[in-house]
Each structure stands twice: as C-alpha cells, then as structure tokens.
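In: Give the three-dimensional model of this entry:
(one chain, ligands or ions: 1)
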Amino acid sequence: MKKKIFVTRRLLKENEEKLQSLFEVTLNKDDKIYSPQEIISRSKNYDGILSSVTDPINADTISKLSSSIKIIANGAVGFGNIDIQAAKAKGITVTNTPDVLTDATADIQILLLLGASRRAYEGRIAAETQKWKWSFDFLLGKQMSNKRLGILGMGRIGRAVAKRAKAFGMEIHYHNRSKLSSDLEDGGIYHKDLKSLFEQSEFLSINCPATPETKNLINRETLKYLKENTVVGNAARGDIVDDEAMVEALKNGTVFAYGLDVYNGEPKIHPEYLKLKNIFLLPHLGSATKRTRWDMAYRATKNLEDFFLGKKPQDQVN
Ligand code: DGY
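Out: Numbers count the residues shown, from 1 in each chain. Reported below is the predicted structural model:
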C-alpha cells in the first residue's frame, strides 16, 4: 500500500506528478498557507509531510501531530521553521534540501550586495518618476570591486558567494563555527570571532543558518564592531538580524545600505525598512528559479522515497 504524504504547499506540476506516482498524496491546489492548527488537523493519519519554509512547525505543533507521521521532508535547505529536536524526540525524521539551491542563492546574495551598494532602489524610483539627469554626483554608491568581503557563515552558500566575489577582486574574510580546511577556505581569511570579522569587513554577507544561537546575532552590540558605511546583504534568514538595531545603523551611517531577501515573521516586513532609501528589498527570491525549485522538490521527494524504502535519507538533519 502506498504511503500517505501531506504536501503543505503547491509544487511545480512535474514534482506533484512524481510524488503522485510514488505515494498517495494530498496536494494544496490553492496554495493556501496553513496555520499550525491546520497542518495538525489536515495531516492526521498521514505517514509523512512535505513542508516548506512557510510552515512553522514548532515543538507544540510537533507534539500535536498524528503519531502516524514518521518524516517531515522540508522543501528547503533551511530548517529553522521546524523544531528538529522535538521531532527527534517524537521519532520523526526531518530532512532538508542542501546543494541544489546553493548557486541560485549565492547569485541573489551578490544581487543584494550590488543592489544595496549601487543604490538600485533609489535609481529605480528616479528612473520611474523621470526625476533624474546624469550628473557627476548623481546617486553615488559604493563600489564592490576590490573591497574586503566578510562572510558570516562559510557553508556551501557562503563559499559560493566567496567564489563569485573573487571575480570582483574582493578579498575574502570569514567567520564560521570552525576554521575550514585550506581547500575549502580557498584563500579566505578566517576570523575566530565576529568582532574581528566585522572590524575588517567593508561588505558583509550573512550566510549562516537560523538557529537559536544565531537569532539576533546582528544586534546593537555587534553592529558597533562594523566600520562606518559597511554594506550588508542577507539572503539567509530574517531572524539573524535585530531589525530595530539595523534600522538605527542604517540611519546613523554604520550601515551604508542593506540588501535583504528574508524577513523576521515573513511575509511581513519591518515598516521602517519600507521607508528607508538605503535599502534594497526582495521577496525571498533566493531559490526562485524554475530549475532550483524543481530540484528542491525532487530532493525532498527523494528523501521521502528513501525513508519509506527503509534507507537513511541522504539529507536527514536530526
Ligand atoms: C531555503 O531553502 O532555505 C530557502 O530559503 C527557500 O527559498
């Protein structure tokens, strides 16, 4: 008998068909974002869930999930939306989708840094309202080429950002839980603490995962370590940054401009971010290419398939 999978969000058609060929599947045709309560009630008596970053599956939700559920395959590399320890305690395997979105996300990170540093938002408004003329001092930004880039979190995506940044002649500095092998760090300069990284960075790329340890890691205290006029980009998670502190830093010139794709309490955006000009916003587009989204759903499906074949899924995170 086919295993029953509850899919929380609409997927690309081919991915839904693949799932249907393997499992008895309930799809979300309207792509409604379910509340935790709805996830609990709708997934009752299913064997697994294919979730997404928009599903907050915390310890309380997990405790109320049907005991038939044995796996949550998150269709994302980040799994900060799921309490993986609570899941483990209940005997639920959690998987993610690493690798397949590294390039797309690193591309967006470069776009965020460029969009912020070269004042793309103000440029767009000026062009749209026809209120501009070329002049020697019109919308001067900061040049990214040949600067020092600090990378916070040198995992797959951080390293892919470093690779791209090198093509801009940037000098790579990074902070990570541990120093990487020289192969992986590939000329990058390791900083064992955040302070030392921030003091060196002219551009800062946030690429660490969202964990209880990284929540509000960029806060009033740590922002003080930055040089005046640093450009910051965040394609990781909104809750790594204390928004109030960032707004202050954007106003007082510690941060020249902030490019971000991810938000605290998405899809809400801190209202001050919508008022400031030195900000470049995107609506969580990091992995938004057809190829990447297809790969993410494929990988989540593969994790489900392996799990129910009795194998350890390659992307188990708990
Ligand atoms: C991820 O996979 O964690 C991305 O943020 C999804 O877009």
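In: can you give me the helices in this protein?
Out: 13-22, 36-42, 59-64, 84-89, 102-117, 120-128, 156-166, 182-185, 194-200, 220-223, 243-252, 290-308 (DSSP state H).
In: any idea which of these is most buried?
Out: helix 102-117 (a mean of 23; mean count of other CB atoms under 10 Å). Backbone N, C-alpha and C define where each C-beta goes, glycine included.
In: when you scan it, is anything in it near the ligand?
Out: No. Counting by CB under 6 Å from any ligand atom, the ligand is not contacted by helix 102-117; separation bottoms out at 6.8 Å.
In: Tell me what angle that helix forms with helix 120-128.
Out: 70 degrees (axes from the mean of the first three to the mean of the last three CA atoms, to 10 degrees).
In: mind putting the helices of the chain in CSV, mean pLDDT and distance to Y174 included?
Out: Output for those, formatted as CSV (pLDDT from 0 to 100; distance: least, CB to CB, whole Å):
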stretch, mean pLDDT, distance to Y174
helix 13-22, 98, 34
helix 36-42, 98, 36
helix 59-64, 98, 32
helix 84-89, 98, 25
helix 102-117, 98, 13
helix 120-128, 98, 26
helix 156-166, 98, 7
helix 182-185, 97, 7
helix 194-200, 98, 7
helix 220-223, 98, 16
helix 243-252, 98, 21
helix 290-308, 98, 24
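In: Around the ligand, pick out the residues from the stretch 51-200 of the chain.
Out: V53, A76, V77, G78, L101.
In: Could you pull up the residues touching the residue nearest to the last one when sequence neighbours are not counted?
Out: If you skip the residues right next to it in sequence, L101 has S287 as its closest partner in space, 4.0 Å away by CB to CB, 6 or more residues apart in numbering. In this structure, S287 makes contact with A76, V77, L101, A104, T105, R293, M296, judged by CB atoms under 8 Å, 6 or more residues apart in numbering.
In: what's the answer for I49, then?
Out: I5, F6, V7, T8, I39, S43, I69, I71, I72, A73.
In: So which of the residues you listed wins on neighbours?
Out: Within the contacts of I49, I72 tops the neighbour count with 31 neighbours, counted by other CB atoms under 10 Å.
In: which bits of the stretch 201-318 of the chain sit near the ligand?
Out: Going by CB under 6 Å from any ligand atom, the residues of the stretch 201-318 of the chain near the ligand are H284, G286, S287.
In: Could I get those in JSON lines, plus columns for pLDDT and distance to I92?
Out: Shown next, in JSON lines, are these (pLDDT from 0 to 100; distance: CB to CB, whole Å):
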{"residue": "H284", "pLDDT": "98", "distance to I92": "26"}
{"residue": "G286", "pLDDT": "98", "distance to I92": "26"}
{"residue": "S287", "pLDDT": "98", "distance to I92": "24"}
